[in-house]
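>>> Let's see this in three dimensions:
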Amino acid sequence: MDRRQEAAIEPALVDATAAATSKWGLADVTLERVADQAGLSRATLHRRGVTRDALVGALTARAAEEFRAAVWPALTGPGTAAERLHAALDGLCAAADAHLQLLAGLFLARGEVFHEPGPDSLTIDTFAGPFERLLRDGALDGTLRDVPPTMTATVLFNTAGWGYVHLRASHGWPAQRARPAVIDLVLRGLLHGDSPDATDRQATADI
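Numbers count the residues shown, from 1 in each chain. Down below sits the predicted model:
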């Protein structure tokens with residue numbers, strides 16, 4: 001997509017796209033429905049040169065910015081990589097809670113927003129990148145297993161992010177139940193067996 005076209009999308013139209021996605025799901029978002037949410041006509045959007053792809057691109061860009069803001073403290077803060085990964089996952093869940101209905105509308109979007117479909121595809125760097133960095137840090141400081149970082153970051157983002165959204169939006173779990181359940185499950189699969197973090201968590205679980 002032409003970044004100049006994406007940048008031209010007004011914030012109000014991004015809001016309308018988010019509202020339409022929350023209501024109908026991304027697969028069924030059309031220019032007519034976005035226009036209706038914005039209080040405009042489809043003809044008005046056409047005259048402005050607005051396309052559905054541009055709207056989805058602008059919505060993705062805003063989601064990426066909010067995601068970066070949510071996980072940035074974990075990337076730059078103190079602590080081991082395992083501790084910072086826990087904080088990043090908590091930030092991911094917090095961001096999901098802030099936009100739960102929108103993310104539920106994106107859940108069955110067939111990869112339209114977050115990656116290109118196919119068995120060899122990877123989540124775009126905007127979303128998987130922070131987790132990849134933490135996985136690399138964890139392999140160096142010994143608190144996380146040495147795993148293929150890019151592939152594992154993609155699995156981590158999708159498992160934790162979409163799993164959390166599904167539990168919250170479809171199963172109706174409260175955040176205080178879903179968040180620790182998801183974080184504990186995915187983190188246990190990555191902690192190095194001899195790290196203090198792994199030992200502490202196991203001791204806590206055994207109490």
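>>> what sits against residue 149?
By C-beta atoms under 8 Å, 6 or more residues apart in numbering, the residues touching residue 149 are 132, 135-136, 139. From N, CA and C alone the C-beta is placed, and that goes for glycine too.
>>> rerun at 10 Å
Contacts here follow C-beta atoms under 10 Å, 6 or more residues apart in numbering; on that basis residue 149 touches 128, 131-139, 156.
>>> cool, and residue 15?
Residues in contact with residue 15 (C-beta under 10 Å, 6+ apart) are 34, 37-38, 59, 62.
>>> out of those residues, who's nearest residue 170?
Nearest to residue 170 among the contacts of residue 15, counting by C-beta to C-beta, is residue 59 at 21.3 Å.
>>> What is the neighbour count of the residue nearest to the closest one when sequence neighbours are not counted?
Nearest residue to residue 59, sequence neighbours excluded (C-beta to C-beta, 6 or more residues apart in numbering): residue 17, at 4.9 Å. Residue 17 has 29 neighbours, counted by other C-beta atoms under 10 Å.
>>> next one: residue 69
The number of residues near residue 69, taken as other C-beta under 10 Å, comes to 11.
>>> For the chain, give me the ranges with low pLDDT.
Applying pLDDT under 70 to the chain flags the ranges 1-7, 107-125, 194-207.
>>> what about the helices in it?
Using DSSP state H, the helices assigned to the chain run over residues 3-7, 11-24, 31-38, 42-47, 52-76, 81-98, 100-106, 125-141, 149-169, 175-188, 196-206.
>>> where's residue 151 relative to residue 173, distance?
Separation of residue 151 from residue 173 (C-beta to C-beta, to the nearest Å) stands at 28 Å.
>>> How about residue 24?
Here the criterion is C-beta to C-beta. By it, residue 24 lies 24 Å from residue 173.
>>> residue nearest the centroid of this structure?
Closest residue to the average C-alpha location of the chain: residue 161 at 5.5 Å, with C-alpha atoms, centre = their mean.
>>> That one against residue 97, yeah?
No: using C-beta atoms under 10 Å, residue 161 is not in contact with residue 97, being 11.8 Å away.
>>> okay, and the common contacts of these two?
With C-beta under 10 Å, 6+ apart as the test, residue 161 and residue 97 both reach residue 103.
>>> Give me the neighbour count for the nearest residue to residue 41 once chain neighbours are set aside.
Nearest residue to residue 41, sequence neighbours excluded (C-beta to C-beta, 6+ apart): residue 35, at 5.8 Å. For residue 35, the neighbour count with other C-beta under 10 Å is 20.
>>> Give the buried residues for stretch 152-159.
Using 16 or more other C-beta atoms under 10 Å as the test for burial, stretch 152-159 gives 152-157.
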